[in-house]
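Novice: structure, please.
(one chain, ligands or ions: 1)
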Amino acid sequence: MAKIVLHKSSAIDFQCPHCKQAMTVERDMQGIEFDCPSCGSSINCPAGMQAPRQQQGNDDQARLLETIARSSEETAKAAREIRNMIALVLFFWIAIAVLAVLFGSLSI
Ligand SMILES: [Zn+2]
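Specialist: Numbers count the residues shown, from 1 in each chain. A predicted model of the protein is given here:
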């Protein structure tokens with residue numbers, strides 16, 4: 001069983017997925033499985049999910065954070081495109097409704 005320490009400068013914070021116990025573990029424990037000190041469930045220490053507190057030249061973590069940033073950027077772009085499409089469809093419906101009202105009032 002890996003040791004859990006409170007050494008802020010090279011540590012990461014995360015929650016136990018089972019009991020939500022907040023804990024701090026050594027940075028080099030990332031990806032290592034250990035037992036939760038609170039509920040005893042085995043947990044995988046999340047790798048690279050926290051913003052780095054210290055620049056350590058951790059390339060893997062930087063790459064992972066970059067990937068997360070890029071994917072959220074793509075999601076935001078897709079959401080924008082969907083919003084634009086909905087706006088366009090709504091605009092057409094309103095135009096059709098206005099035309100229908102105009103033609104309706106003309107024929108009366
Ligand atoms: Zn737990």
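Novice: check what pLDDT His7 gets.
Specialist: Looking at His7, its pLDDT stands at 46.
Novice: how about Trp93?
Specialist: 96.
Novice: again, but for Glu33
Specialist: 87.
Novice: that one contacts Ser42, doesn't it?
Specialist: Yes - with contact defined as C-beta atoms under 8 Å, Glu33 reaches Ser42; the gap is 5.5 Å. C-beta here means a position set from N, CA and C on the backbone, and glycine is covered the same way.
Novice: need the residues of the protein near the ion, please.
Specialist: Residues of the chain lying near the ion by C-beta under 5 Å from the ion: Cys16, His18, Cys19, Gln21, Cys36, Ser38, Cys39.
Novice: show me which of those are buried.
Specialist: Cys16, Cys36 (16 or more other C-beta atoms under 10 Å).
Novice: distance of Ile32 relative to the ion?
Specialist: 16 Å (C-beta to the ion, to the nearest Å).
Novice: my bad, Glu81
Specialist: 41 Å.
Novice: got it, and Met29?
Specialist: 15 Å.
Novice: same check on Val25?
Specialist: Distance from Val25 to the ion, by C-beta to the ion: 13 Å.
Novice: which residues does that residue bridge with?
Specialist: Ile12 (DSSP bridges).
Novice: that one reaches Ser10, doesn't it?
Specialist: No - if you go by C-beta under 8 Å, Val25 and Ser10 don't touch, sitting 10.0 Å apart.
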